[in-house]
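*Asks:* Need the 3D shape of this:
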Amino acid sequence: IFGDPLSGALFQAPFHSSDSIGVSFDFGITFEARYHQDVYNTAAGSEAGMLFVQSSGLYLGEDYGNNFTMQLPDSYSLQMHDTGILPGELFCLQRPVRNPLRLGCSWDYGQSFTYSDVLLPGIPYTFDQIDIHRGAVPGELYFVVWKCPDTVVLFHSPDYGQHVTEQHLLTDMSYNLYYT
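*Replies:* Sure, this is the predicted structure:
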């Protein structure tokens, strides 16, 4: 479940199955199904009602999932992560995902991407999982890397991944998750 800029509006993906998304306008009390194709990744846009869906291609919906337009026909080489705070921003990683990361930034709602290499210091060439989240100002990104099942490292970038610093290392996640 993730939020929309409109107060009370939420998206749920997947909803019932991997081929639908749910939309709520009453703070999650009720949801209605929208979008009926396989959904691999989703991200809420920076504008109310905007939703990116990655399935066989990259799609953009601007009316809470009623209609979608294809932005990029073949998105199999991309792993969509998050939108930025500016209209049109979308962040993806090019597959295969490894260190250095091949960060794709779009400023035109996913129609085209500019790529840059982002080296995460101290992270091995391959790792278990990564998530990218936007910050509060344009260009600010957070990289959350699972080095192995019980070690998570948080990195911060103020400038679209050009400069990256380690912020926090959390180890022995199994212990922490069990006792919290």
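*Asks:* Now for the protein, the helix or strand with the poorest mean pLDDT.
*Replies:* helix 173-179 (a mean of 46; mean pLDDT, DSSP states H and E).
*Asks:* So what sits opposite residue 69 in the bridge?
*Replies:* residue 60 (DSSP bridges).
*Asks:* What is the neighbour count of residue 51?
*Replies:* 25 (other Cβ atoms under 10 Å). (Glycine included, C-beta is placed from N, CA and C.)
*Asks:* ok, the nearest residue to residue 67 once chain neighbours are set aside to residue 31 distance?
*Replies:* Nearest residue to residue 67 in three dimensions, chain neighbours excluded: residue 61, at 6.3 Å (Cβ to Cβ, 6 or more residues apart in numbering). As defined by Cβ to Cβ, to the nearest Å, residue 61 lies at a distance of 16 Å from residue 31.
*Asks:* more neighbours, those two?
*Replies:* residue 61 (22 against 19).
*Asks:* close enough to count as contact, the more buried one and residue 68?
*Replies:* Yes. Between residue 61 and residue 68 there is a contact under Cβ atoms under 8 Å: 4.5 Å.
*Asks:* Give me the phi and psi for the nearest residue to residue 84 once chain neighbours are set aside.
*Replies:* Leaving aside its sequence neighbours, residue 84 sits nearest to residue 134 (Cβ to Cβ, 6+ apart; 5.3 Å). Residue 134 has phi and psi values of phi -80, psi 160 when expressed as degrees, to the nearest 10.
*Asks:* Bridged to residue 80, which residues?
*Replies:* residue 92.
*Asks:* For it, give me its contacts.
*Replies:* Neighbour list for residue 80: 40, 41, 42, 43, 52, 54, 58, 90, 91, 92 [criterion: Cβ atoms under 8 Å, 6 or more residues apart in numbering].
*Asks:* rerun that using 6 Å as the cut-off
*Replies:* Counting by Cβ atoms under 6 Å, 6 or more residues apart in numbering, residue 80 makes contact with 41, 43, 54, 92.
*Asks:* Between those residues, identify the one with the most neighbours.
*Replies:* The most crowded member of the contacts of residue 80 is residue 92, carrying 27 neighbours; neighbours defined as other Cβ under 10 Å.
*Asks:* Test my guess that that residue contacts residue 104.
*Replies:* Yes. With contact defined as Cβ atoms under 6 Å, residue 92 reaches residue 104; the gap is 4.2 Å.
*Asks:* Identify the contacts common to the two.
*Replies:* With Cβ under 6 Å, 6+ apart as the test, residue 92 and residue 104 reach no residue in common.
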